[in-house]
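S.K.: here is my input; please provide its structure:
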Amino acid sequence: MAKVKGVFLLNDYGLNRIYGDDELDAIASLVQIERRPVRLDDPADSELLAEAEVAFSGWGAPVLDEDLLRRMPKLKALFYGAGTVRYMITDAFWERGIRLTSAYVANARPVAEFTFAQIILALKKTWQQSLHIREAKAWGRQWDMPGAYFGSRIGVVSLGAIGRMVCERLTALDVEVFAYDPFVSDEDMRKIGARKASLNKLCETCDVITLHAPQLDETIGMIREEHFKMMKPGATIINTARGAIIDHPAMIKVLQERTDIVALLDVTDPEPPEPGSLLYTLPNVVMTPHIAGSMGRECRRMARLAIDECRRYLKNESALHPITIDNFSRLA
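M.R.: Now for the predicted structure:
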């Protein structure tokens with residue numbers, strides 16, 4: 001039986017980062033495909049587009065607008081080997097009824113792992129103590145810290161895939177976990193080991209607050225000046241979600257006034273911060289360059305999930321992680 005035909009719809013950078021040799025071999029065992037991105041501006045690749053029933057994709061994918069979809073009349077399934085697909089999906093795509101899957105769950109795992117590590121470091125006031133040693137050029141130890149033990153409270157904002165994974169990992173610690181997500185029931189909260197709290201209550205009472213809300217119109221600027229002002233003394237806020245969910249001018253203003261609180265930022269708005277931004281110099285800000293998500297070999301996990309989705313498509317089985325017009329608006 002002849003293999004279905006497929007193409008890679010992404011740029012060279014995305015292909016090399018996500019799909020390694022083992023993954024390319026696995027894909028080639030399933031579909032007839034050239035081991036390179038299809039060249040949209042090369043007439044020689046027009047037939048590849050025209051005959052493709054499936055597409056593997058990822059970072060650097062083109063927008064699937066009417067023109068491109070017209071060139072791919074046989075396309076029935078697209079397997080995205082990374083997280084968000086918001087930038088590439090159009091109304092024309094949904095009108096075609098093409099099966100779409102994403103590897104956002106695979107990308108969620110390293111974010112959750114990174115966050116879990118940051119939470120423990122925050123409970124130990126690691127960054128403050130490291131800065132003190134550097135500035136004092138002398139050994140010193142601050143004993144006044146929450147620590148990862150009973151009485152310490154962690155607040156998780158939003159319980160999507162990443163927020164839930166963070167909560168699952170926190171069950172390994174002797175800490176209390178609170179969560180804010182207006183779309184999750186009390187019973188569901190209990191199942192994942194968290195107690196429901198309002199956003200204000202979470203900010204007022206938790207030693208560490210970690211943000212995992214998607215960037216939607218409703219969540220842009222959701223963490224405002226009052227939330228930073230109400231944080232308990234010595235608290236830490238972690239953002240591995242999207243920079244825009246924090247009102248950055250307000251955050252910088254409060255961080256200048258309250259040097260006891262700390263912001264651990266893997267994402268910012270804008271990203272990177274503008275030259276001269278106080279985020280580069282404030283002593284209570286620790287930035288990392290958007291590395292919480294899949295990096296290095298972690299990217300292969302996303303490719304393998306895309307391959308699993310392809311296998312299920314070829315067996316006429318339902319998708320593990322489908323993206324539909326119904327859940328599209330709620331995902332990051």
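
S.K.: residues contacting residue 321?
M.R.: Going by CB atoms under 8 Å, 6 or more residues apart in numbering, residue 321 touches 101, 102, 103, 104, 105, 305, 309. Where you see a C-beta, it was placed from the backbone N, CA and C, and this is true even at glycine.

S.K.: would you say the first one is within a helix?
M.R.: If I follow you right, that is residue 101. No. Under the criterion used here (DSSP: H, G, I helix; E, B strand; the rest coil), residue 101 is strand, not part of a helix.

S.K.: element containing the residue nearest to it when sequence neighbours are not counted?
M.R.: Spatial nearest neighbour of residue 101, excluding adjacent residues (CB to CB, 6 or more residues apart in numbering): residue 309 at 4.2 Å. Residue 309 is located in helix 299-314, with elements delineated by DSSP states H and E.

S.K.: low-confidence bits of this protein, can you list those?
M.R.: Across the chain, residues meeting the criterion (pLDDT under 70) sit at 332.

S.K.: where do the helices of it begin and end?
M.R.: Across the chain, reading from the start of the chain, the helices by DSSP state H fall at 12-18, 21-30, 46-51, 66-70, 91-96, 104-123, 126-136, 161-170, 186-191, 199-205, 225-229, 248-257, 299-314.

S.K.: against residue 90, how distant is the residue nearest to residue 101?
M.R.: Distance, residue 309 to residue 90, by CB to CB, to the nearest Å: 21 Å.

S.K.: same question, residue 119
M.R.: Distance of residue 119 to residue 90, given as CB to CB: 38 Å.

S.K.: the more surrounded of those two?
M.R.: The residue with the greater number of neighbours, taking residue 119 and residue 90 and applying other CB atoms under 10 Å, is residue 119; the counts read 26 against 14.

S.K.: what is the neighbour count of residue 185?
M.R.: Based on other CB under 10 Å, the number of other residues close to residue 185 is 10.

S.K.: ok, the one 4 residues further on next?
M.R.: Around residue 189 sit 21 other residues, with neighbours defined as other CB under 10 Å.
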